[in-house]
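Engineer: give me a model of this one.
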Amino acid sequence: MKAHLLASALLASALLAPARAQDFDTFQNPAARPDVFESATGVIYARDGANVLTFGSWTEYAQSSYFLSKGKRCGTDRVMPQLYSTGTAPIALQADCTSTFTNPSAAYAPTVAAYRIPVVVHVLMNTSGQGAISDPLIQSQIDILNEDFKALAGTPGAPGTNTAIEFYLAGVTRTTNNNWFNDTGTYYSTLAWDTNNYLNIYTNTAGGNLGYAYVPNGGGVVGNTFDRVVILWNAFGRNAPIGAPYNQGRTATHEVGHYLGLYHTFQGGCSALTGCNANGDLICDTLPESVPNYACAQVTCGDPDPVTNYMDYSEDLCMTNFTSEQARRMRCTLESWRVQLAEPAGGPLPPNPVTNPTPANAATNVAATATLAWAAAANATSYSVYFGTDSTPDSTEFLGTQATTTFNPGTLLGGTQYWWRIDSVGTGGTTTGPVWSFTTGIPSGTLVTLFSDGFESNSFTTGGWTRQNTNSTLSTAADYTPNYGARIIRSSWIQKQLSTVNYNTIRVKYARRTAGMDAGENLNVEWSSNGTTWNAVETTQATAWSIPTFTLPVGANGQTALRVRFRTNANATTEWADLDDVVITGVRN
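Structural biologist: All right, here's what the predicted structure looks like:
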């Protein structure tokens, strides 16, 4: 595909604050270096040659000269070229819509048949919560696709061509992974639903583009797990968080156009009108255009540019149409390249996925007597319930199918995380619902183990311990119960920090003994709420193994960072304390 030149005014460098090293360690990592990266604090970093630019938000980024000069409205031109060499010669029908030619035959007219495409949306998030998209916002994007592809009356897409292609939401997945959120790694190999049968849309940072997709008409795409549409997470759906001018869901319309075989209206620049089905964007009823339009009006090839077309780079509110030939090329793509994707429309619609879970997804401190509830789904006549402690509910957690939108799982265990899924069932089929989770609260007065470590991992780090120096070691010679215990030699300490919020009556229990201690040398067990002032629990030179239990004063209750320390103050390598089987408990308020 041709590179496109932009007006020199768009090439001006952004004057931005220098990037802070602590915020973009991953961005600087040569092994995983995307062009554009969103940090855990929500700062956007963009690589521009040897320079790194920073933006306070995606809104600021999308209004920058960097965004315009790099053509970040769409990344399809950058992901597709490497695939063309892998394509195979088209079969007879595919020859009507290749990467170099379109035959707008009446056989592909929208009046011939209507098609319906199942969509699965994969929401990718980072551990700070960026990337989260609600179920209603996801459904709004499906609605926009239907408004635009079907030119529904009373919607912004009404002036366009009804392609007789519609979309329905077949499922939603949500995954937290910092690399995948920044569009690195082969996340699609793990998450993709069968790409022959589903349009897989992923939301993440999209490599700094508003979106990109894979055009199938050159071969080498269909059936591969990488075959997908990717949308910048906060430019997804109606009134998307990115704000104007890219917040009305037209990025997805544009990228699904690519997915169904369309090219940019400015493909090939001011290409000749003769032979227009074999040059430019391979479409004759879109006027030539030499460069992308980023506003709502432009003339570059003598006639007004097709700025209202979904395949330009116009602002969302300016986009209103596909043309008749574009509709036929997309339908040819469905019939010739994506032959397993679409279903005939006209029969009963599959039910929508369920939404609005109660308890809310990821809720905590949920009552053990909670009842599950969800909003009724369109076209559903019943609901299949999956519930249990497995994070991937399947047939082993299936509890039955029912017509109502509530389910009582009985009395649940306190302090336990549960996962559940509701599939909507209707005459049009079954739609898999999203997986939700919640954690039950712990009844007042319950004795709870807040921390336990027998050192069997042979690692202080695994147990969350901090040690003063290497005089504290783990050894089979220091164990009370097999196989490992902690030996604190000479003058050293190990310390554990934990939360006691919502707990009282904090007790510390441990096995301990000492060896070789002189007068004044002891194992000192202490606690602190701030790490500065330490309070004695026990001072001992006992040489035989013993398992004492101590209740800490009320000051240890309700602490966000209670510290318990085991410290020696000896001066010889033959003087030590052994420690094993540390258990800290509390009573729930």
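Engineer: report the residue ranges of every domain in the chain.
Structural biologist: 8-69, 76-89+112-344, 358-440, 447-588 (automatic domain parsing).
Engineer: most tightly surrounded among those domains?
Structural biologist: Greatest average neighbour count among the domains of the chain goes to domain 76-89+112-344 (a mean of 20), per mean count of other C-beta atoms under 10 Å. Any C-beta I mention is one placed from the backbone N, CA and C, and that applies to glycine too.
Engineer: closest to the centroid, which residue in this protein?
Structural biologist: residue 124 (1.1 Å; C-alpha atoms, centre = their mean).
Engineer: look up phi and psi at the nearest residue to residue 268 once chain neighbours are set aside.
Structural biologist: Spatial nearest neighbour of residue 268, excluding adjacent residues (C-beta to C-beta, 6 or more residues apart in numbering): residue 280 at 3.8 Å. Phi and psi for residue 280, reported as degrees, to the nearest 10, are phi 60, psi -130.
Engineer: show me the beta-bridge partners of the residue nearest to the centre of the chain.
Structural biologist: residue 175 (DSSP bridges).
Engineer: and the pLDDT at it?
Structural biologist: Note for residue 124: predicted pLDDT of 97.
Engineer: swap in residue 76?
Structural biologist: 89.
Engineer: tell me who's in contact with it.
Structural biologist: 212-215, 255, 258 (C-beta atoms under 8 Å, 6 or more residues apart in numbering).
Engineer: and the residue nearest to the centre of the chain, how far from residue 311?
Structural biologist: Distance from residue 124 to residue 311, counting by C-beta to C-beta, to the nearest Å: 26 Å.
Engineer: how about the domains of the chain in TSV, adding distance to residue 98?
Structural biologist: Shown next, in TSV, are these (distance: least, C-beta to C-beta, whole Å):
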stretch	distance to residue 98
domain 8-69	30
domain 76-89+112-344	6
domain 358-440	33
domain 447-588	57
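Engineer: out of those, nearest to residue 350?
Structural biologist: domain 358-440 (4.1 Å; C-beta to C-beta).
Engineer: can you give the distance of that closest one from its chain's centre?
Structural biologist: Relative to its chain's centre, domain 358-440 lies at 22 Å (C-alpha atoms, centre = their mean, to the nearest Å).
Engineer: re the thing from before, which of the contacts of residue 76 fall within strands?
Structural biologist: 212-213 (DSSP state E).
Engineer: looking at the contacts of residue 76, which is nearest residue 168?
Structural biologist: So of the contacts of residue 76, ranked by how close each gets to residue 168 (C-beta to C-beta), first place is residue 255, at 17.8 Å.
Engineer: report the contact partners of that closest one.
Structural biologist: Here residue 255 is in contact with 74, 76, 211-213, 229-231 (C-beta under 8 Å, 6+ apart).
Engineer: what's the answer for residue 372, then?
Structural biologist: Here residue 372 is in contact with 357-359, 385, 387, 406-409, 420, 422 (criterion: C-beta under 8 Å, 6+ apart).
Engineer: go again with 10 Å.
Structural biologist: Residues in contact with residue 372 (C-beta atoms under 10 Å, 6 or more residues apart in numbering) are 357-359, 385, 387, 399, 405-409, 418, 420, 422, 436, 438.
Engineer: also residue 321?
Structural biologist: Taking C-beta under 10 Å, 6+ apart as the contact definition, residue 321 lies against 148, 151, 156-161, 286, 306, 308-311, 327.
Engineer: report pLDDT for residue 439.
Structural biologist: Residue 439 is assigned 96 on the pLDDT scale.
Engineer: end to end, how far does stretch 391-409 reach?
Structural biologist: 17 Å (C-alpha to C-alpha, to the nearest Å).
Engineer: tell me what residue 248 is bridged to.
Structural biologist: residue 238.
Engineer: if I look at it, how far off is residue 319?
Structural biologist: With C-beta to C-beta as the criterion, residue 248 and residue 319 are 8 Å apart.
Engineer: got any residues that touch both of these two?
Structural biologist: residue 156.
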